[in-house]
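In: Fold the following for me, if possible:
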Amino acid sequence: MDISGSSGEEDVWRKIKWNGWGSRQVSMKLSETNPLEAIHPTGNLLPSLVPFIQKELHGSSENPTPLKSTPSISLEEALRKLPAPIVNKTFLKEVQLESSQICFEGEARLCHAVGKNYRDLWRMRNGIIQRPPDAVILPSNHDDVVRIVDSAHRNDVCIIPFGGGTNVVGAIEPDPAETTRMTICIDMRRMNKMLWVDKDSQTACFECGVLGPDLEEQLSRYGFMLGHDPDSHIHSTLGGWIATRSSGAQSNRYGEMEDMVISLTCVTPRGIITTPTAPRATAVSLKEILLGSEGCFGIFTHAIVKVQIIPESRYVEGWLVPSFEEGVECFRTATAKDIHPATLRLYDDDETRLSFAMKFKPTFTQKILSDGIKKFAETWKGMNLDKICLAIVGYEGTKQDVAHQKKLLHKHLNGIKCLCLGQSPGKNWLAKKYDLPYIRDFSLNHGLWADVLETVTDYSRALQLWREVKQAVRDTWKAQGRLGWIGCHIGHQYKTGTCLYFTFAGEQTDEHDIEKRFLPLKEAATAAILKNKGALTHHHGIGYEHVPWMEKAHGKVGIYLMQVLKEACDPKGICNPGKLLPPKDDPSKSEEENQATKAASFMFNKMGVLKFVNQPTAKL
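Out: All right, here's what the predicted structure looks like:
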């Protein structure tokens with residue numbers, strides 16, 4: 001059987017980096033004329049970023065030296081490292097798809113092999129390709145997905161749904177334990193249409209492979225929008241958002257994915273589930289069971305979502321806040337009084353310094369104005385410039401509604417002697433809000449690394465969690481004899497609590513970076529999160545990164561219930577194996593034996609760890 005088939009020339013994966021974030025022609029790099037200046041993807045100079053890196057990760061910004069170069073291996077080298085695919089010929093014969101829908105190209109397998117976190121990209125750039133998919137399949141409609149899942153179930157072929165590939169917790173990577181079963185990646189992005197819109201009910205039905213910008217463009221023709229704007233918006237899909245319970249920058253006003261989805265259609269190995277379309281569920285909500293299931297129960301083909309009228313007015317502004325503690329309390333009291341601007345973000349002092357370091361090169365007038373604002377904040381507002389925090393606030397609605405929201409929130413912010421910076425910081429944030437992942441790629445190119453983790457907890461524990469996570473990470477660096485940087489921001493407010501989003505970065509050292517340096521950091525941070533009653537994740541999902549802690553987070557009975565649901569939908573375990581849930585306990589074994597079996601199954605302990613890699617790693 002010929003397995004040399006390739007997909008269409010315009011498929012989205014051909015435009016995306018195999019070893020980095022985003023479009024192939026977009027990157028952040030060093031200036032050719034001044035290696036101490038970085039260049040933003042827009043072409044603007046970032047004169048303060050390299051000095052910031054030197055100070056935080058090298059200990060001093062005095063007499064900075066150029067960052068070292070740590071380039072990725074070439075595409076040709078990576079292709080030579082790809083293992084031969086496992087091919088189930090009966091499945092390929094039965095599935096009845098066009099030849100252009102089944103792709104065995106090496107580059108396609110690479111582009112669908114991992115997500116986009118530090119561990120993922122570090123491995124790809126260094127030629128550690130542990131278990132790529134054996135083929136990529138590109139369905140065009142719901143019926144294609146039904147045939148794929150049905151045939152995969154009959155022939156024991158593993159299936160992994162792939163939206164935009166932006167996941168950062170290992171949710172789309174094949175399980176290396178699957179050494180005999182064929183594993184296929186199902187790229188959903190040809191399923192990108194709006195099927196209908198109901199103007200009276202303000203609902204619309206979309207295929208789940210639609211990317212964020214395409215979804216908004218189709219809705220805008222009717223004067224609507226979804227109101228979901230995650231950092232991955234350009235490159236992620238509706239199905240991916242649903243599968244991970246995604247949350248966007250405007251969640252304070254429009255809600256999160258569980259608030260937006262009305263009905264889902266999910267193709268499982270047992271058959272098709274379509275949840276009710278009424279505004280409210282009766283009995284057990286099937287929609288809620290499927291939300292956040294990460295492809296482990298089946299594949300979402302289309303969804304009915306609530307849509308919003310495009311607002312008449314939008315206004316985004318920046319504020320300087322005296323301290324993170326005062327800012328969190330201000331956001332808490334405002335939320336308690338039902339003040340809900342669309343966007344309400346607060347960066348702690350460390351992340352505020354990164355934000356300032358990411359400013360474009362200012363004009364002379366802009367520099368004078370910036371220096372004047374800092375002087376005013378320090379002298380007249382009594383702010384400690386080492387503790388000040390940046391807040392970004394966005395309002396949407398009618399002009400009257402925006403004015404009312406501003407008046408209410410300004411009262412709270414002025415009450416703790418904050419300083420309004422006007423729209424300039426807001427415009428700067430809007431221009432760069434999708435660009436943070438390019439900093440990770442820039443770091444990897446220059447001897448550094450960067451990654452993220454997030455959680456949500458109640459307000460009474462939020463500040464303690466913030467302190468303890470940062471301290472746990474810093475203590476781990478100290479024990480390793482390394483320097484590092486960690487910052488945090490809150491960006492999603494609830495009546496009872498808030499989401500805390502941490503970004504942390506360090507230096508690359510050698511081929512043992514994952515096992516000896518990165519994993520201890522993740523373990524220390526996760527322990528601090530759970531100690532303070534934080535969730536394992538807020539909107540990134542579980543993937544394989546959080547599976548070791550799922551039982552602690554949900555309890556034995558809770559995990560057992562999820563495992564039973566998984567088995568009911570997927571009796572052969574073909575749907576995204578290794579993710580979301582640990583293996584079921586064997587009643588014939590002791591507790592110690594079952595725990596050992598689980599630990600041996602965790603991908604968290606294997607991916608990028610050299611003793612589990614069957615091929616040599618490239619030298620850094």
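In: which helix is the longest one in this structure?
Out: helix 459-480 (DSSP state H).
In: Okay, buried residues for that one please.
Out: Across helix 459-480, burial judged by 16 or more other Cβ atoms under 10 Å covers 459, 462-463, 465-466, 468-470, 472-474, 476-477. No exception for glycine: its C-beta is placed from N, CA and C like everyone else's.
In: quick one: average pLDDT of the next helix-or-strand element following it?
Out: Using DSSP states H and E, the helix or strand that follows helix 459-480 in sequence is strand 484-493. Mean pLDDT, computed over strand 484-493, is 96.
In: next one: stretch 114-127
Out: The average pLDDT within stretch 114-127 is 96.
In: That one: how far from the chain's middle?
Out: Relative to the mean C-alpha coordinate of its chain, stretch 114-127 is positioned 14 Å out (Cα atoms, centre = their mean, to the nearest Å).
In: Low-confidence stretches in the stretch 251-400 of the chain?
Out: Within the stretch 251-400 of the chain, the stretches with pLDDT under 70 are 363-366, 368-369.
In: what are the ranges of the strands in it?
Out: 261-268, 271-274, 299-306, 308-309, 313-321, 343-347, 389-397 (DSSP state E, counting those that start in this stretch).
In: buried ones in the fifth one?
Out: Meaning strand 313-321. Quick answer for strand 313-321 (16+ other Cβ under 10 Å): 314-321.
In: Have a look at this protein and report the helix or strand with the lowest mean pLDDT.
Out: Sorting the helices and strands of the chain by mean pLDDT, DSSP states H and E puts helix 364-379 at the bottom, at a mean of 71.
In: Tell me the secondary structure of G558, please.
Out: When classified by DSSP: H, G, I helix; E, B strand; the rest coil, G558 comes out as helix.
In: what's the burial count for it?
Out: 12 (other Cβ atoms under 10 Å).
In: what's it in contact with, if anything?
Out: Shown in contact with G558 (Cβ atoms under 8 Å, 6 or more residues apart in numbering): no residues.
In: How many residues are close by H58?
Out: Other residues within reach of H58, judged by other Cβ under 10 Å, total 14.
In: Hmm, I typed the wrong one, I wanted A152.
Out: Neighbours of A152 (other Cβ under 10 Å): 27.
In: how close does it sit to G394?
Out: Noted for A152: a distance of 43 Å to G394, by Cβ to Cβ, to the nearest Å.
In: Equivalent analysis for I299, please.
Out: For I299 relative to G394 (Cβ to Cβ), the value is 34 Å.
In: of those two, who's got more company?
Out: Taking other Cβ under 10 Å, I299 and G394 do not tie; I299 has more neighbours (27 against 23).
In: There's contact between the more buried one and T265 in this structure, I believe.
Out: No: using Cβ atoms under 8 Å, I299 is not in contact with T265, being 9.6 Å away.
In: sec struct for the residue lying closest to I529 once chain neighbours are set aside, please.
Out: Nearest non-adjacent residue to I529, counting by Cβ to Cβ, 6 or more residues apart in numbering: T455, 4.8 Å away. Classification of T455 using three-state DSSP returns strand.
In: Pull the contacting residues for T455.
Out: 465, 499-500, 529, 534-538.
In: Just the buried ones among those residues, please.
Out: 465, 499-500, 529, 534, 536-538.
In: Extract the C-alpha trace of the helix or strand where P51 lies and format it as PDB.
Out: P51 is part of helix 49-58 when elements are defined by DSSP H and E. Below are the C-alpha coordinates for helix 49-58, written out as PDB (Å, rounded to 0.1, in the frame of the first residue of the first chain):
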ATOM      1  CA  LEU A  49      15.000  43.500  26.700                       C
ATOM      2  CA  VAL A  50      18.500  42.100  26.500                       C
ATOM      3  CA  PRO A  51      19.700  44.200  29.500                       C
ATOM      4  CA  PHE A  52      16.700  42.900  31.400                       C
ATOM      5  CA  ILE A  53      17.700  39.300  30.500                       C
ATOM      6  CA  GLN A  54      21.300  40.000  31.500                       C
ATOM      7  CA  LYS A  55      20.200  41.400  34.900                       C
ATOM      8  CA  GLU A  56      17.700  38.700  35.800                       C
ATOM      9  CA  LEU A  57      19.400  35.600  34.400                       C
ATOM     10  CA  HIS A  58      23.100  36.600  34.500                       C
END
